[in-house]
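Student: got a sequence here, can you model it:
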Amino acid sequence: MALNVKDQLVELRLKNKFTQSQIADIIGVVRSTYTYYECGTTTPSIYTLKRLAQVYKVPIDYFIKDDREPSQPLNASGSVVRVSENNILSQLSKEERTAVAYLRLLNSKNRAEVLEMMKQFTKEHTDFDNKSDSSND
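Tutor: Next up is the predicted model:
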């Protein structure tokens, strides 16, 4: 039996270990609006469903197909990603999952720019060579 949108939203949010507030912030709505989506009081717009699909890495038709199979996350190229409980994503903190969700909303060019900035920032702020040199003085 196919789930309706409200049930799908709950299922995806819980599976990905997000709070309603986190998802609301990520997609740009207030928490009460997102709560209405999960309760079935209101239905998300196509634009909002598209953003949710990006966050959860599911195809947009996940929300509209009647005969879908269980959720299968997609990578950036649209290929199905096999996910297990031992997957690194299941080990991330709330902050790390939120960061991943924000990255998923970006197009590939912007995502690459953000990742390069993170790489540079990390390099500048985790210079182990300098730390070990100063401790030997």
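Student: output the contacting helices and strands for the host helix or strand of Val100.
Tutor: In the assignment (DSSP states H and E), Val100 maps to helix 94-105. Under the contact criterion of 3 or more Cβ pairs under 8 Å, 6 or more residues apart in numbering; DSSP states H and E, helix 94-105 touches helix 20-27, helix 46-56, helix 108-125. (Each C-beta comes from the backbone N, C-alpha and C, glycine too.)
Student: same thing but at 6 Å, please
Tutor: helix 46-56 (3 or more Cβ pairs under 6 Å, 6 or more residues apart in numbering; DSSP states H and E).
Student: now do stretch 102-120: everything it contacts.
Tutor: By Cβ atoms under 6 Å, 6 or more residues apart in numbering, the list of residues contacting stretch 102-120 from outside reads 54-55.
Student: may I see the buried residues of that stretch?
Tutor: 103-104 (16 or more other Cβ atoms under 10 Å).
Student: so what's the gap between the helix holding Val100 and the chain middle?
Tutor: Distance of helix 94-105 from the chain centroid (Cα atoms, centre = their mean, to the nearest Å) equals 5 Å.
Student: again, but for stretch 105-116
Tutor: For stretch 105-116, the distance to the chain centre is 14 Å (Cα atoms, centre = their mean).
Student: what does stretch 47-61 give?
Tutor: On Cα atoms, centre = their mean, the centre of stretch 47-61 falls 10 Å from that of its chain.
Student: related to what we said a few turns ago, what angle sits between the helix holding Val100 and helix 20-27?
Tutor: Helix 94-105 runs at 30 degrees relative to helix 20-27, counting by axes from the mean of the first three to the mean of the last three Cα atoms, to 10 degrees.
Student: so Thr43 sits in a helix?
Tutor: No. Looking at Thr43 with DSSP: H, G, I helix; E, B strand; the rest coil, it is coil, so not inside a helix.
Student: the domain parsing of this protein - what is it?
Tutor: Split into domains by automatic domain parsing, the chain comes to 5-105, 109-137.
Student: which stretch in those domains has the least confidence?
Tutor: Least confident of those, judged by mean pLDDT, is domain 109-137 with a mean of 71.
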